[in-house]
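Asker: Output the structure for:
(2 chains)
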Amino acid sequence: MGAYSLGLRRLFRDRLALTGFVIVSVVAIVAVTAPWLSPHDPTAVQPALRLAGSSFEHPLGTDALGRDLLSRLLAGARWSLGTAALATVSVVVIGVVVGLVSGYYGGVIDAIAMRVVDALLAFPTLLLTLAIVGTIGPGLRGVFLGLVAVAWADYARIVRGLVLAAREREYVEAASAAGATDRRLLVRHVLPGVLSPVMVLATLEMGQLVLALSGLSFLGLGAQPPIPEWGAMLNDGRTYFLTAPGLMLYPGIAISLAVLGLNLLGDGLRDVLDPRMSHRK
Amino acid sequence: MRSYIARRAAALIPVWLLISLLAFSLANLAPGDPAELFLRRQTGEPPSAEAVALLRSELGLDDAFPLRYIRWLGDAVTGDLGVSYRTGAPVATELRERFAVTLELAVPAFLLAILIGLPIGVLSAVRRNSLLDHGTRLGAMVGSSMPGYWLGYVLILVFAVNLGLFPVAGRGGWRHLALPALTLALGAAAGLIRLTRSSVLDVLGDDYVRTARSKGSSEPRVVWRHAFRNALIPVVTVLGIGFGHLVAGAAIVETVFAWPGLGKHVVDSIYDRDYPTIQGFVLFTGTVFVLINLAVDLLYVWLDPQVRLTKRRPR
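Answerer: Numbers count the residues shown, from 1 in each chain, chains lettered A, B, ... in the order given. Coordinates of the predicted model:
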């Protein structure tokens, strides 16, 4: 607890990290409370009000179908960040499990797992995700599976490296000599050392996943209408971006802000959790 | 040295084979019968069962998976990736032509990113904690948090629509190239600035830099002669991968600017479920990136002679 609160205090002393923390918290609260915050139903079509400008009733105006832009933006936090968060968790869990098993047991399992990782890492994420979406077909499900199927490889490699390093440590050797089982060794002694770097990476990863998800939705391959995902909103708005630039500006600002928050927080966490790198600040 | 190259090249063969297996199985996992899809594309109406069966046996689709894979791979090695469902043209030719168009965009963007990223990154590290450094770091952070294609629209709005300096979209002379290349380059430069800065900072603390300083070398000489070259090592690695990401990022930027490159081609193919093109694309880009990785490895050896002596490159 002492080390934990010390870490928090150090995190908050870094103004940029604190900014990141505040942004992420606000966006997360918005995502959770969107249905109660929204002034209108984000999918309610009102043809009479199409492309309306800013008014008291519709602070950010309406889109081409007369849907309230502010409500869609708020609901979009749910879709964009919710999907990215779920994908991040999946990526981390798969990567950590494969990395732990591969690094700890070695041998054939390790050799096969690492060749698969090599093949996946030979591609830029977006290209392979595109190919997988092409196979499964456009939609949020295809994009989710595509992103997760590619992104876990990085974690597996990093965690494997950390496990290999941890195995050499005296306390792990001592525990092993004292007769601890493989499972106990992995969970009690190796895993804790792996978690803090993974946490940093996961924070940064979530930002990347928000970007990738919205990019694919923007291409029409991700979230399908009428889902108010931010990238899909950009796609909706691009036809009208000369007459109603707000349709493109606001979702873009929302994406940038959320990703900026995650990046600032991730960088701050890295400085706190990995003091060796803190001189880079 | 030669054996090192040979070893690195040999290690890439299993990776390449896995990529090819991945490419082939992806399209085979896809729902729908390729023969039926193909006939429907050609005639525009549902084909008869006999026609489908005939084409299936002609294309060898009834053979076992490993047999089909080996046959496909054998053709692929000779440059034959099959025929596109969508256009009826050979997939390999189309991919090659579209890739050239993407390079037309990605190479200038890559050079521009280096031109912006390296000097600013080094300056930011050398003048650490100055106003310039703080501004640069914030700018780079914001830059890498923005969706690149969205930045593209903002640039169009400002430079094409309001100022009328450049065309809104399309491919033509350098004026058409300016905005999409800048869009791609700015995103890549943001990442490069952050990496270069931290890499130079790392190196500036090293012993040989202190030695160079203490023997009285001038500060610019210390920075450019001693620190920069060593700081380049991690930067080069990421640049190689970065080029791949640039080509990937081009997929979206190409859509924004209606640039008829590889990215736009494959997105169109995905809409149309053109599986030969999709699997050809995976194999093609996978091969390109494997080769880029090899090139990066070799550049690495040239920059850091230590790698030549150790058995494996340090990760």
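
Asker: From now on I want contacts and neighbour counts done on CA atoms only, so please keep to that.
Answerer: Will do.

Asker: Buried by neighbour count: which residues of the longest helix anywhere in chain A qualify?
Answerer: For chain A, the helix that runs over the most residues, judged by DSSP state H, is helix A:69-105. Residues A:69-85, A:87-88, A:90-92, A:94-104 are the ones in helix A:69-105 that count as buried (16 or more other CA atoms under 10 Å in any protein chain shown).

Asker: okay, the angle between the following helix or strand past that helix and helix A:69-105?
Answerer: Under the assignment DSSP states H and E, the closest C-terminal helix or strand after helix A:69-105 is helix A:107-121. Comparing the axes of helix A:107-121 and helix A:69-105 via axes from the mean of the first three to the mean of the last three CA atoms, to 10 degrees yields an angle of 150 degrees.

Asker: list the helices and strands helix A:107-121 packs on?
Answerer: With contacts defined as 3 or more CA pairs under 8 Å, 6 or more residues apart in numbering or on different chains; DSSP states H and E, the secondary structure elements packing on helix A:107-121 are helix A:69-105, helix A:140-167, helix B:2-29.

Asker: repeat that for 10 Å
Answerer: Helices and strands touching helix A:107-121, as assessed by 3 or more CA pairs under 10 Å, 6 or more residues apart in numbering or on different chains; DSSP states H and E, comprise helix A:69-105, helix A:140-167, helix B:2-29, helix B:275-303.

Asker: per-residue pLDDT, A:Pro226?
Answerer: Looking at A:Pro226, its pLDDT stands at 87.

Asker: Around chain B, which positions in the stretch 51-200 of chain A sit nearby?
Answerer: Residues of the stretch 51-200 of chain A lying near chain B by CA under 10 Å from any CA of the partner chain: A:114-128, A:130-138, A:161.

Asker: Could you measure from the residue in the stretch 51-200 of chain B that chain A sits nearest to over to A:Val210?
Answerer: Shortest the stretch 51-200 of chain B-to-chain A distance, computed as CA to the nearest CA: residue-wise this is B:Met146, at 4.6 Å. Shown here: B:Met146 relative to A:Val210, a distance of 10 Å by CA to CA, to the nearest Å.

Asker: Report the set of residues contacting both of those two.
Answerer: Here B:Met146 and A:Val210 have A:255-256, A:258-259 as joint contacts, going by CA atoms under 10 Å, 6 or more residues apart in numbering or on different chains.

Asker: ok, those residues vs A:Asp267, which is closest?
Answerer: Among those, A:Val259 lies closest to A:Asp267 (CA to CA), at 12.2 Å.

Asker: Doesn't the closest one belong to a helix?
Answerer: Yes - remark: A:Val259 belongs to a helix, assigned using DSSP: H, G, I helix; E, B strand; the rest coil.

Asker: show me what contacts it?
Answerer: Taking CA under 10 Å, 6+ apart, we find A:Val259 in contact with A:20, A:23-24, A:81, A:203-211, A:253, A:265, B:141-142, B:144-147.

Asker: In PyMOL, select just the buried ones from the residues you listed.
Answerer: In PyMOL, the members of the contacts of A:Val259 classed as buried (16+ other CA under 10 Å) are selected with the following command:
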select buried, (chain A and resi 20+23+24+81+203+204+205+206+207+208+209+210+211+265) or (chain B and resi 141+142+144+145+146+147)
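
Asker: Low-confidence stretches in the chain?
Answerer: If you meant another chain, say so; for now it's chain A. Of all residues in chain A, those with pLDDT under 70 make up the ranges A:1-4, A:6, A:124, A:274-281.

Asker: wrong one, chain B
Answerer: Counting by pLDDT under 70, the ranges of chain B that qualify are B:1, B:241, B:304-315.

Asker: those helices in it, which residues are they?
Answerer: Ranges of helices within chain B are B:2-29, B:34-43, B:49-59, B:65-77, B:91-126, B:131-145, B:148-155, B:174-204, B:207-214, B:219-221, B:228-257, B:262-271, B:275-303, B:306-309, based on DSSP H.

Asker: Ok, which of the ones you listed comes nearest A:Gly146?
Answerer: Comparison of these against A:Gly146 by CA to CA identifies helix B:2-29 as nearest, at 11.3 Å.

Asker: Run through the residues that contact A:Leu74.
Answerer: A:Leu74 neighbours (CA under 10 Å, 6+ apart): A:27, A:30-39, A:42, A:228-230, A:251, A:254.

Asker: Of all the helices and strands packed on helix A:107-121, which one comes closest to B:Val122?
Answerer: Using CA to CA as the criterion, the shortest distance between B:Val122 and the helices and strands packed on helix A:107-121 is 17.9 Å, found for helix B:275-303.

Asker: So the closest one, near chain A or not?
Answerer: Yes - legend: contact between helix B:275-303 and chain A by CA under 10 Å from any CA is shown at B:275, B:278-279, B:281-282, B:285-293.

Asker: Then stretch B:242-262?
Answerer: Yes - remark: stretch B:242-262 sits within contact range of chain A at B:242-249, B:251-253, B:255-256, by CA under 10 Å from any CA.

Asker: Stretch B:188-208 now?
Answerer: Yes - using CA under 10 Å from any CA, stretch B:188-208 reaches chain A at B:197-202, B:205.

Asker: now do stretch B:108-120
Answerer: No - for stretch B:108-120, no contact with chain A is found by CA under 10 Å from any CA; the gap never falls below 15.4 Å.

Asker: Only the buried residues of that stretch, if you could.
Answerer: For stretch B:108-120, a neighbour-count test (16+ other CA under 10 Å) marks B:108-110, B:112-114, B:116-118, B:120 as buried.
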